[in-house]
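J.: Compute the structure for the input listed below.
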Amino acid sequence: MSIKKEVEKNMIAFESSDDKVLTAHFKFPPDFLGFQGHFPLEKVLPGVCQIQCVSSMIERFIGKPVLLKEIVSAKFFAPVLPSEEIICVCRGLNDSYEDFVVKASVSKNGKTVAELKLKGGIGLREK
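T.: Residues are numbered from 1 along each chain as shown. So this is what the prediction gives:
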C-alpha cells in the first residue's frame, strides 16, 4: 500500500467552510507505513507525511487528483508520535484549482507542530 493511501486511511474527520478553509484530523497508529525506518527507536511522523495530509485534504475537497508542484516553505516545530491526533488546517484555495498556493498548519494538543506553504494544481498524472 502507498503512503498516500495510508495517509487517507488515517484521516478520521474532514470538514470545509464556505470560505474554503479545510480542516482534517489524522491519527496514525504505531504500525503506520510512514513510521517504518524513520527513527526506528523512537517513531516520528515524517514531514513528507504531513505534506501528504494537506494534499489528501485538497483532493478530498475538490474530488480530483492534486499534483504538488513546489514546497514553497516547510517549518517543523515538534515531532508527531504514533497515536497522537493531529489537526491540519488549509487556507488559500482559489476558485480555479488548476493552479493554487495554500498555507497549512499542523497542530496537536493546541500547539503548532508544522507550517507549510505549498504550490500545486489539478491535472493528469502520468501512469
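
J.: right, and residue 53 touches residue 25 too?
T.: No: using CB atoms under 8 Å, residue 53 makes no contact with residue 25, being 9.8 Å away. Every residue, glycine included, has its C-beta placed from N, CA and C.

J.: okay, and the common contacts of these two?
T.: Counting by CB atoms under 8 Å, 6 or more residues apart in numbering, the shared contacts of residue 53 and residue 25 are 11, 86, 88.

J.: Of those residues, which belong to helices?
T.: Among the shared contacts of residue 53 and residue 25, DSSP state H puts none in helices.

J.: Now do the biggest helix by length in the chain: which elements does it pack against?
T.: Assignment by DSSP H gives helix 47-62 as the longest helix of the chain. Counting contacts by 3 or more CB pairs under 8 Å, 6 or more residues apart in numbering; DSSP states H and E, helix 47-62 is packed against helix 3-9, strand 11-16, strand 22-27, strand 66-76, strand 85-91, strand 100-108, strand 111-122.

J.: can you rerun that using 7 Å?
T.: On a contact count with 3 or more CB pairs under 7 Å, 6 or more residues apart in numbering; DSSP states H and E, helix 47-62 meets helix 3-9, strand 11-16, strand 22-27, strand 66-76, strand 85-91, strand 111-122.

J.: re earlier: quick one, which of residue 53 and residue 25 is more surrounded?
T.: residue 53 (27 against 15; other CB atoms under 10 Å).

J.: give the contact list for the more buried one.
T.: When contacts are counted by CB atoms under 7 Å, 6 or more residues apart in numbering, residue 53 touches 7, 24, 26, 88.

J.: nearest residue to the residue most central in space within the chain other than its sequence neighbours?
T.: Taking CA atoms, centre = their mean, the centroid of the chain lies closest to residue 53, which sits 1.8 Å from it. Nearest residue to residue 53, sequence neighbours excluded (CB to CB, 6 or more residues apart in numbering): residue 88, at 4.9 Å.
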